Structure formats: C-alpha cells, structure tokens
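> how would this look folded up:
(one chain, ligands or ions: 1)
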Amino acid sequence: MKNSTTATSEKLTERGLERRIKRHLSKQTFSYLATTTPGFENVLKEELKGIENTQSLKPIDGGVEFSGPLDLIYIANLTLRSANRVLLRIDAFVARSYPELFNKIVRINWELFIGFNKKVSFKVSSRNSRLHHTGNIENSVFEGVQSSMAKLGVSIENTPDAPVRIFVRFFDDNCTLSIDSSGELLYKRGYRTEVANAPMRESVAAAILLGLNIAQFDIIADPMCGSGVFVFESAMILKNHAPGSKREFSFSQWPSFNAEKYERFRNKSLISENKDLSVKLIGSDINANTVASAKLNCKNLSLNQSIELLAADCLEFNKTREMQSNGLVVSNLPYGKRVGELDALNNFYKKFGVHFRNVCKGWTFALIAADNKFPQHAKLNIVSKIQFENGGIPVTCFIGKF
Ligand SMILES: C[S@@+](CC[C@H](N)C(=O)[O-])C[C@H]1O[C@@H](n2cnc3c(N)ncnc32)[C@H](O)[C@@H]1O
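Sure thing, here's the model as predicted:
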C-alpha cells in the first residue's frame, strides 16, 4: 500500500476506524511476502500460483513476493504448506537519517493496521545502510508510530511479543515496513505437541512432499519417523486438509479482521477435504517413546485417516509386505554429529542401502542426510537433490529410486 497522509487529528472512534478501513483497505491490491526455508522458494511459488487472485509472483531468497486483495491473507495463512510466515507490505521508502525515518513513519495511517490495540512489537534488520543500529531504528520507528497514533487519541506501548508485529527491514538505505499476519511460524500447525530429536519442520517436510507429486504412490513410508512429520504432512496434502485450520493467526488482532469472512474461508477449506484415501501411510521408528509421541500427535491431528505407527528397526521394514506397490520412502536419517558416531553411521547407511535396495526395489526415495557421501555409503543412484538447513545443520534431500 502507498503511504497516505493522516488529514485530521480528531479522536479515533470505532465507527471512524471502520470508515477509514473501508476507504483505504477494501478493493485495493496489496503487496505481500511469504517466507520459506531457503531452497524451497519455487515450491512456495507453485503453491501461491494455486491460490486464486495471486498476482506478480516473484521468488526472492527465502521467500516469494506476490500481490492481490486483502483476503489473500486469510487464504495464504490457512492453506500454504511450505511457507513460514506471510507479511503484508505497508510502505517502502529511502531513509538516511533518523529525522527522515521518523517523518516518513509519522505520515502513515497506522490506525489501519493497529486500530485500538495498545501493544505493538517490532522486528528490525539492517544491511548496507547508513541507519544500521537496530535498537535506534526501532526507537525511531516506534516514536513515529506512537506520535501518529497519539494524534488520534490512541496511546500505544512497544511490548516484545505483542501479536501486532511490525517488520522493519533496511537494505541499501531502503526501508521496507511490513506487518506480520501469521504470528507463530506457520510450520506450527497446532497438532505437534510432542517433539522428537532433530525434528523436521512441517513446512520443510511438506515442501519436499509437494515436489514429489505424492498422489502417484500407493504406499508412503517413513521408517525413521520421529514425531511423524512426513506421514502427517502426506496425509494432510492428500486429504487436501488446510494446514492452518487448527491454529490462530495474528491477523485476527488487526482492525480490518472480518471474523465471518475468515470462518467462511476456513469452513470452505474443511469442506473441500478428500474423504477416503486409498494410500497406505506408515511411520515407524526404533524408539518406542518416540512412536508413542507420534501417536499422540496423530490423535491431535484427528484427520480421520488410518495411519500405521509402530516401533520397529528400519532394517526390518517391508520384509513381510507386498513388494509390487509403487511406494515412496521418505525419511530424515540420523545425522550422527557427535565424535565417534560417524563410523557407526556410515556402517548403518551401508546396511540401510543393502536392505532397502532389496525390499523396496523400484520405489522412490527422498532421504535427508547431513553427510554428502550418504549416497555412496548406501550405494544409491541420485536423480536430484535439494540442499537446505535443518535446525542450523546443512543437509541434503537425496531423491532417486531404489
Ligand atoms: C534425525 S531423526 C528424524 C526425526 C524426524 N524426521 C522428525 O522430524 O521428528 C532420526 C530418527 O531415526 C530414528 N532411528 C535411528 N536409528 C533407527 C533405526 N535403525 N530404525 C528406525 N529408526 C531409527 C531415531 O529414533 C530418530 O527418531
């Protein structure tokens, strides 16, 4: 949205705010940024393409910019699987001094985004810019917002963690202001209360699965499933279950929030779910406690879909099953980062390769490992790979056929 000057300094009323929102926000086109884990920008772009009314999609490092009406905020947060957060752009301008920054902040119609919320928080970053001290930038921006709101008789506080959160980004002296519509990162779907070791973010697991066109498989298995992310995300994708339907978002605090409209979108997303899946979903892990956690997560998810979760060594996987299926094995393998673990891990990768090449011949695999030499140890032919970071560790998802 382009900045516009607050013409009057009359006290803000509920009715007045409604009128301003109608005048400035309805029927307008807005700019957005959906962020994702670097490496998955194109998956996110494809997801956004599938949402009606998204325009001008442009992948950038760690996200995709797009534009469209304000309703997109509801749909994007509810349905995007590979995104971490969705930001609504408020304004962008050059600022090379604090007075310049303050003056440009003060003229924005902040009431449209803050309304009568008393608490606001800020997240500031700066690179290659004359204004580089993030604490000073935050103070200056807050003072500008405070002054703008005070003219309307609304006093605000800068409170860390307040759900109304303004992102301030300086790059090459260009200041971009956005408001966070998501709140907690979108990988938090609201079903995973139990977390296993080195968990994979739901958004990353979903991005990997979306890139694999998983509807083609009749078995999807994670034989080292930890808290079960891959099997649950597979179920949600195949059922067309909106990943955000069980959680809350920051946009519900915005003065423009239309609860009725949002509920309509949410209900529509639930009604459009596929009812019965013929695919078999299997998650197993050697650690029985981990499997118990995965079962609790599965219960929270309440997808009404049968998912087999069992405690088992992956080297026992599929020994007794039908092998004719067109299956997918997708798994985040142990990384073994501690000293002394590497030899044992290489040995394990070797056994893993021998076992799966034997019992899942012809199946597709997508296997995540921290060791670049995993395919050599497991003797697997790789068709493609995706590099990304999981919990700060550089890892690769190796894709191919056993
Ligand atoms: C890196 S973690 C994967 C975590 C999981 N992807 C998640 O997001 O929660 C590796 C998992 O492999 C399991 N594991 C290790 N060796 C195994 C084996 N031989 N058979 C089955 N599971 C094994 C561990 O218990 C652990 O849960």
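> Going by C-alpha atoms from here, please, whenever you check contacts or count neighbours.
OK.
> For the residue most central in space within the chain, grab phi and psi.
Nearest to the mean C-alpha position of the chain, counting by CA atoms, centre = their mean, stands Asn84 at 2.3 Å. Backbone torsions for Asn84, taken as degrees, to the nearest 10, come to phi -100, psi -30.
> Also the one 3 residues further on?
Here is the backbone geometry of Leu87 (degrees, to the nearest 10): phi -110, psi 140.
> contacting residues around it?
Neighbour list for Leu87: Tyr32, Leu33, Ala34, Ser178, Ile179, Asp180, Ser181, Ser182 [criterion: CA atoms under 8 Å, 6 or more residues apart in numbering].
> With distance to the ligand as extra columns, can I get those residues in TSV?
Shown next, in TSV, are the contacts of Leu87 (distance: CA to the nearest ligand atom, whole Å):
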residue	distance to the ligand
Tyr32	29
Leu33	26
Ala34	23
Ser178	31
Ile179	30
Asp180	26
Ser181	26
Ser182	22
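> now, which of the residues you listed lie within strands?
Tyr32, Leu33, Ala34, Ser178, Ile179, Asp180 (DSSP state E).
> Identify the residue spatially nearest to the last one, adjacent ones excluded.
It refers to Asp180. The shortest distance from Asp180 to any non-neighbouring residue, by CA to CA, 6 or more residues apart in numbering, is to Leu87 (4.6 Å).
> cool, the second one as well?
What sits nearest to Leu33 in space, not counting adjacent residues and going by CA to CA, 6+ apart, is Glu65, at 4.4 Å.
> cool, the third one as well?
If the residues on either side of it in the chain are set aside, Ala34 comes closest to Val86, at 4.3 Å by CA to CA, 6+ apart.
> CA atoms of the helix or strand hosting that neighbour as CSV?
Applying DSSP states H and E as the criterion places Val86 in strand 85-94. Taking C-alpha atoms only, strand 85-94 is exported to CSV below (Å, rounded to 0.1, in the frame of the first residue of the first chain):
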residue,chain,number,x,y,z
ARG,A,85,5.2,-16.6,7.5
VAL,A,86,3.1,-14.1,5.4
LEU,A,87,3.9,-10.4,5.7
LEU,A,88,1.7,-7.6,4.3
ARG,A,89,3.7,-4.7,3.0
ILE,A,90,2.8,-1.4,4.5
ASP,A,91,5.3,1.0,2.8
ALA,A,92,8.8,1.3,1.4
PHE,A,93,11.0,4.4,1.2
VAL,A,94,14.6,5.6,1.4
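> For the helix or strand following that strand, which residues meet the burial criterion?
Using DSSP H and E, the helix or strand that follows strand 85-94 towards the C-terminus is helix 98-106. By 16 or more other CA atoms under 10 Å, the buried positions in helix 98-106 come out as Tyr98, Leu101, Phe102, Lys104, Ile105, Val106.
> residues in contact with the nearest residue to the second one once chain neighbours are set aside?
It stands for Leu101. Closest residue to Leu101 apart from its sequence neighbours, by CA to CA, 6+ apart: Ala95 at 5.3 Å. Applying CA under 8 Å, 6+ apart to Ala95 gives the contacts Leu101, Leu131, Asp173, Asn174, Cys175.
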